[in-house]
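Engineer: with the sequence up front, the predicted model follows.
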Amino acid sequence: QKEVEQNSGPLSVPEGAIASLNCTYSDRGSQSFFWYRQYSGKSPELIMFIYSNGDKEDGRFTAQLNKASQYVSLLIRDSQPSDSATYLCAVNTGGGNKLTFGTGTQLKVEL
Amino acid sequence: ETGVTQSPTHLIKTRGQQVTLRCSSQSGHNTVSWYQQALGQGPQFIFQYYREEENGRGNFPPRFSGLQFPNYSSELNVNALELDDSALYLCASSLDGSGANVLTFGAGSRLTVL
């Protein structure tokens, strides 16, 4: 079992719709969770991080964490073509700055 | 405030050669981590440097080594290059190495091994 799992996609949504990206992780000791966006040929850029169970909202983005079920999700409201990218879920376990990444979900927002 | 800068941006090497990649951390950040991202994969943690010492390492062989300098900049060295070393190498800096701090990534160095 992979430590961090994501559906590779592509996930296609129409412009203006809600995109829902999911991630599961295997280590119950994981303490913090990150979503990065990566455009083709570019480096990852942080969208959001979440440490506590529940929802965290930042503009059009909402991160949701459920530690009991070991999943974290990212909702993108009012999706725009510029949101088309690969979204990487990353998990930190046990302190330090080592992040374990999933393989990413490719999101396509269609006009 | 400057971000994380990496050099070179692209390079081509042949099997068996050695390569050095460089990274300047974001202003105020004292911890540097290196990641390898193969095509179609997520980044994989190589190692982290804090106060010029390696304080965490992923599942990479010893031919991957690094340094951190007093100004917090860092180098990644890879000896005896193999074809599978072809990847995007990402440097990330953070405020300290003791907790789950947010990482800021550089633009990366794309290495091709022929």
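Structural biologist: Done, it's in. These numbers come from a predicted model, not from an experiment. Numbering: from 1, shown residues only, chains lettered A, B, ... in the order given.
Engineer: for the residue positioned nearest the centre of chain B, which residues are in contact?
Structural biologist: Taking C-alpha atoms, centre = their mean, the centroid of chain B lies closest to B:Trp34, which sits 3.0 Å from it. Applying C-beta atoms under 8 Å, 6 or more residues apart in numbering or on different chains, we find B:Trp34 in contact with B:Cys23, B:Phe45, B:Ile46, B:Phe47, B:Gln48, B:Gly66, B:Ser74, B:Leu76, B:Tyr89, B:Leu90, B:Cys91, B:Ala92. Where you see a C-beta, it was placed from the backbone N, CA and C, and this is true even at glycine.
Engineer: now with 7 Å, please.
Structural biologist: Taking C-beta atoms under 7 Å, 6 or more residues apart in numbering or on different chains as the criterion, B:Trp34 is in contact with B:Ile46, B:Phe47, B:Gly66, B:Leu76, B:Tyr89, B:Cys91.
Engineer: which strand or helix spans the first one?
Structural biologist: Assigning secondary structure by DSSP states H and E places B:Ile46 in strand B:44-50.
Engineer: tell me which residues in the following helix or strand past that strand are buried?
Structural biologist: The C-terminal neighbour of strand B:44-50 among helices and strands, as given by DSSP H and E, is strand B:53-57. Using 16 or more other C-beta atoms under 10 Å in any protein chain shown as the test for burial, strand B:53-57 gives B:Asn55, B:Gly56.
Engineer: name every strand pairing with strand B:53-57 and say which way it goes.
Structural biologist: In the sheet, strand B:53-57 lines up against strand B:44-50 (antiparallel) (DSSP bridges).
Engineer: convert the C-alpha atoms of the partner strand to CSV, please.
Structural biologist: Taking Å, rounded to 0.1, in the frame of the first residue of the first chain, the C-alpha atoms of strand B:44-50 are listed here in CSV:
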residue,chain,number,x,y,z
GLN,B,44,10.4,12.1,-3.3
PHE,B,45,12.4,13.3,-0.3
ILE,B,46,16.1,12.9,-0.6
PHE,B,47,17.4,14.6,2.5
GLN,B,48,17.3,17.8,4.6
TYR,B,49,19.9,20.1,6.1
TYR,B,50,19.6,22.2,9.2
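Engineer: all helices of chain A, in order?
Structural biologist: Counting by DSSP state H, no segments of chain A form helices.
Engineer: scratch that, chain B
Structural biologist: Going by DSSP H, chain B shows no helices.
Engineer: can you list the residues of it near chain A?
Structural biologist: Proximity of chain B to chain A, by C-beta under 7 Å from any C-beta of the partner chain, involves residues B:31, B:33, B:41-43, B:45, B:48, B:55-56, B:58, B:90, B:94, B:97-103, B:105-108.
Engineer: tell me where the chain has strands.
Structural biologist: Here I'm looking at chain A. Using DSSP state E, the strands of chain A run over A:4-6, A:11-14, A:19-25, A:30-38, A:45-50, A:54-58, A:61-66, A:71-76, A:85-93, A:99-101, A:105-110.
Engineer: wait, chain B was what I had in mind.
Structural biologist: So, for chain B - with DSSP E - the strands run B:5-7, B:10-13, B:19-24, B:31-37, B:44-50, B:53-57, B:64-68, B:74-78, B:87-94, B:104-105, B:109-113.
Engineer: mind checking how far the closest residue to B:Thr20 other than its chain neighbours is from B:Arg63?
Structural biologist: The spatial neighbour of B:Thr20 that comes closest, neighbours along the chain excluded (C-beta to C-beta, 6 or more residues apart in numbering or on different chains), is B:Asn77 at 5.2 Å. Distance from B:Asn77 to B:Arg63, counting by C-beta to C-beta, to the nearest Å: 8 Å.
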